[in-house]
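Let me see the structure of the following:
(2 chains)
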There are 2 protein chains.
Amino acid sequence: MKIIVDAHGGDYSPSEVIKGAALAFAKEKGFSLILSGSKERIEKECTAAGCDFSRIEILDAPEIISNDDQPTEAVRKKKNSSIVAGLKRLSEDTDAAAFVSAGSTGAVLTAAALLVRRIPGILRPALAPVLPTVKGTHVVLIDCGANPECKPVYLQQFACMGAAYAKAITGIREPKVGLLSNGTEEKKGNDLNKEAFPLLKQEPSVVFMGNMEAREILSGNYDVVVADGFSGNIALKACEGTALSMFFLIKEGIMKGGLRAKLGYLLLKPVFKEVKDAMDYNNKGGAVFLGLSKIVIKAHGSSKAKSIAAAILQAKDLAEKGIIDEIQRRLPAKEQLPGEPQ
Amino acid sequence: MKIIVDAHGGDYSPSEVIKGAALAFAKEKGFSLILSGSKERIEKECTAAGCDFSRIEILDAPEIISNDDQPTEAVRKKKNSSIVAGLKRLSEDTDAAAFVSAGSTGAVLTAAALLVRRIPGILRPALAPVLPTVKGTHVVLIDCGANPECKPVYLQQFACMGAAYAKAITGIREPKVGLLSNGTEEKKGNDLNKEAFPLLKQEPSVVFMGNMEAREILSGNYDVVVADGFSGNIALKACEGTALSMFFLIKEGIMKGGLRAKLGYLLLKPVFKEVKDAMDYNNKGGAVFLGLSKIVIKAHGSSKAKSIAAAILQAKDLAEKGIIDEIQRRLPAKEQLPGEPQ
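Now for the predicted structure:
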């Protein structure tokens, strides 16, 4: 199996990306990497990181799309960028199962949607990160930003894709699906949610638990949280921001708290580390762009080697588990779909 | 000044509500309360709490609207409930400046919108809680649930009301206003946000900082966060849920961590208490339902005496600061408003 990795993606690329590749090689066998980016830089970094060159192919694509570039324009103009060339290769190479990037989210989503074929029947691919819960389980949040404006049927498909993904990563055969809303009652929600509710309720391939509040996202009571990309993004970032704010406040309290607090911190250090690891969803890989006929993973822009390695192994794992087939199996029958052009 | 309090509102009513009233009396002079609810229960609880009866009037309204009642129906049918009778009194009594309830949010918002006159020009009142920030300042989140479906001009008005409110509570003359979106770039957002953006940009009575991510809500970089009621509710609940989840995980880690962790906890107890107090926005009062010609405050359903007292004193403070006039002053000139019927 081949996995394509964007060597120039992320704040610490290419060096941390290549170190991540080396780390992934050290952890697991049975796959090789196509590193997309400047051949010269990649060779240098691979040598420095002690990468196994027999498991690497370099796709020379030295152009770089940065976070400051306007995604659509950059994807159109920079054909020889690590992102565009990498995704083009993904779409053409039958041995390539996945593409991993920590680069510009907008550019990755735009290029992937443009270059990689959708699973037949899927109207809109969606971005799905996996968050930790207080029960130690995981929850899939879908969509968290690819589709700021949605139709009800998109949410129905997100539910199907989310359930397939949750099954692949947790092993739960019938994942519990909640619809993110501003209250738990059936009548709560904006117009989109009210129209999506009956579609999810009727959908035979998901176990629909009804509307849920954002307070419940990390509760472990749901395996999949369905949202339009706008609200899903807000939920994700609010969780992230609050966790960071709390760590900041605790740290500040310790700094101000004198010797007593510093001693307390030393004793509680393992607990803080555990909580920090539990809350850091980047440790476990990236957000998958679900709905395409191949696996595309967007790792966090601030990913270091460990997170890149996690995203690579996550891609391998999902490919081995046949996530694409599982999504296809759960899709609403084609005749049920409204006649939107594919 | 008279403030009307829903004696039957909240999980711990009426006893904690009455204790809250007694606490507010002990803290400040210059106001009296109209307690709405069952006369018999209120008299009994007031005696138990040692309330100053000279500062109390009882509005006998023994019917109770619970969280299980469908709000619109309950408001229509239970005319003699503590919520409906209390808000009717607010609308009719020129001495009454505010209404405070920890009861059903839906019922309070429905009854208030129905019974209390809107500020002329306001199209939709909005619910605005105040959240703490990591800088020790406060941020107004508007709307957080009253209007799940919004038009762009509503968001423009939320910005004006939010700025007036932020000024009243923080003293900052020109509060910084952000539009909650799925990215910071001007072109980010769903259709609603994209249409609201230029309206906020042109609005002379607010300092508009552009689009902001939910990650920034607690950063202290904004004084007002503008959102439609659906996304605002999701942001609020996601922050709340994450904070609770983290406290839960830390507590669990301490319980499992043996003697070392327990000792660490004892030493860090003051720090944890400080962070918990800082994050607990209910300590500082309730969410104000802005846009009405009188002050309506919704305290958290789980409010105990301390939170009720805070909400009562918050109502007094806002009335003294002339929040209604301040909102009126900042409203877009009437001729700028589209011709929606009032």
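
Just want to check the distance between the residue lying closest to A:Glu320 once chain neighbours are set aside and A:Gly30.
Nearest-residue entry for A:Glu320: A:Met1, 7.7 Å, with adjacent residues in sequence omitted and distances by CB to CB, 6 or more residues apart in numbering or on different chains. Just so you know, the C-beta spots here come from the backbone N, C-alpha and C atoms, and that holds for glycine as well. The gap separating A:Met1 from A:Gly30 is 7 Å, by CB to CB, to the nearest Å.

More neighbours: which of those two?
For A:Met1 and A:Gly30, the more surrounded residue by other CB atoms under 10 Å in any protein chain shown is A:Met1, and the numbers stand at 14 against 7.

Please list all residues in contact with the residue nearest to A:Glu320.
Counting by CB atoms under 8 Å, 6 or more residues apart in numbering or on different chains, A:Met1 makes contact with A:30-32, A:95, A:97, A:316, A:319-320.

Run a quick check on A:Ala164 versus A:Gly322, I expect a contact.
No: between A:Ala164 and A:Gly322 there is no contact, the gap being 9.6 Å when judged by CB atoms under 8 Å.

So between those two, which is more surrounded?
A:Ala164 (26 against 13).

Could you pull up the mean pLDDT of the one helix or strand the more buried one maps to?
Assigned by DSSP states H and E, A:Ala164 falls within helix A:152-170. For helix A:152-170, mean pLDDT rounds to 95.

Contacts (any at all) between chain B and that helix?
No: against chain B, helix A:152-170 shows no contacts by CB under 8 Å from any CB of the partner chain, the least distance being 12.7 Å.

Tell me the helices and strands packed up against that helix.
strand A:126-128, strand A:138-142, strand A:176-180, helix A:191-202, strand A:224-226, strand A:287-290, helix A:305-320, helix A:323-330 (3 or more CB pairs under 8 Å, 6 or more residues apart in numbering or on different chains; DSSP states H and E).

would CSV of these with distance to B:Glu73 be doable?
Shown next, in CSV, are the helices and strands packed on helix A:152-170 (distance: least, CB to CB, whole Å):
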stretch, distance to B:Glu73
strand A:126-128, 37
strand A:138-142, 34
strand A:176-180, 24
helix A:191-202, 18
strand A:224-226, 29
strand A:287-290, 41
helix A:305-320, 48
helix A:323-330, 38
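
Select, out of these, the one closest to A:Phe272.
Set against A:Phe272 and scored by CB to CB, the helices and strands packed on helix A:152-170 come closest in helix A:305-320, at 18.2 Å.

what's the angle from the closest one to helix A:152-170?
When axes from the mean of the first three to the mean of the last three CA atoms, to 10 degrees is applied, the directions of helix A:305-320 and helix A:152-170 differ by 100 degrees.

ok, residues contacting helix A:305-320?
A:1, A:3, A:5, A:10, A:16-17, A:19-24, A:27-28, A:30-31, A:33, A:97-100, A:102, A:165, A:168-169, A:282-286, A:288, A:295, A:297, A:299-300, A:303.

Just want the angle from that helix to helix A:323-330.
Going by the same axes, to 10 degrees, helix A:305-320 makes 50 degrees with helix A:323-330.

circling back: figure out which of the helices and strands packed on helix A:152-170 is closest to B:Pro198.
helix A:191-202 (23.1 Å).

Name the residues of the closest one that come out as buried.
Neighbour-count burial for helix A:191-202, counted by 16 or more other CB atoms under 10 Å in any protein chain shown, picks out A:192-194, A:196-197, A:199-200.

how much does that helix deviate in direction from helix A:152-170?
Interaxial angle, helix A:191-202 versus helix A:152-170 (the same axes, to 10 degrees): 60 degrees.

wait, what's in contact with the residue lying closest to A:Ala278 once chain neighbours are set aside?
Using CB to CB, 6+ apart and skipping residues adjacent in sequence, the residue nearest A:Ala278 is A:Pro132, 5.1 Å away. Under the criterion of CB under 8 Å, 6+ apart, the neighbours of A:Pro132 are A:138-139, A:218, A:278-279, A:281, A:284.

Would you map out the domains in chain A?
Here the domain parsing of chain A from automatic domain parsing is A:1-122+A:291-342, A:132-280.

For B:Tyr154, which of the ones you listed is the nearest?
Using CB to CB, these put domain A:132-280 closest to B:Tyr154, at 12.7 Å.

so how far does that closest one reach from one end to the other?
In domain A:132-280, first residue to last residue: 8 Å (CA to CA, to the nearest Å).

Ok, stretch A:183-192 next?
14 Å.

Show me which residues of it are buried.
Here stretch A:183-192 shows A:183, A:188-190, A:192 as buried, counting by 16+ other CB under 10 Å.

Next: stretch A:122-138.
By neighbour count on 16+ other CB under 10 Å, the buried set for stretch A:122-138 is A:122-134, A:137-138.

Farthest-apart pair in those, please.
By the measure CB to CB, the buried residues of stretch A:122-138 have their two most distant members at A:Leu123 and A:Val134, which lie 33.8 Å apart.

Let me see the backbone angles for A:Ile217.
phi -60, psi -50 (degrees, to the nearest 10).

ok, it - contacts?
Contacts of A:Ile217 (CB under 8 Å, 6+ apart): A:131, A:139, A:141, A:180, A:225, A:235, A:239, B:238, B:241.

Check those residues against B:Pro71 and report the nearest one.
Closest to B:Pro71, out of all of the contacts of A:Ile217 and judged by CB to CB, is A:Leu180, at 21.1 Å.

Give me the distance between the closest residue to that closest one other than its chain neighbours and A:Ala96.
For A:Leu180, ignoring the flanking residues on the chain, the nearest one in space by CB to CB, 6+ apart is A:Ala227 at 4.0 Å. According to CB to CB, A:Ala227 stands 30 Å off from A:Ala96.

Settle it for me: which of those two has more neighbours?
Taking neighbours as other CB under 10 Å, A:Ala227 and A:Ala96 compare with A:Ala227 leading, 33 against 20.

Now the more buried one. Its backbone dihedrals?
When quoted as degrees, to the nearest 10, the phi and psi of A:Ala227 stand at phi -150, psi 160.

and the residue of the stretch 51-200 of chain A nearest chain B?
The nearest approach of the stretch 51-200 of chain A to chain B comes at A:Asn182, 3.8 Å away (CB to the nearest CB).

quick check, that residue in a helix?
No: secondary structure of A:Asn182 (DSSP: H, G, I helix; E, B strand; the rest coil): coil, not part of a helix.

report the longest helix in chain A, please.
helix A:229-256 (DSSP state H).

which residues sit against the helix or strand just after it?
Per DSSP H and E, the first helix or strand lying C-terminal to helix A:229-256 is helix A:258-279. Around helix A:258-279, the neighbours that count as contacts under CB under 8 Å, 6+ apart are A:132, A:136, A:243, A:247, A:250, A:253-255, A:257, A:283, B:246, B:249-250, B:253-254, B:257, B:260-261, B:263-268, B:270-271.
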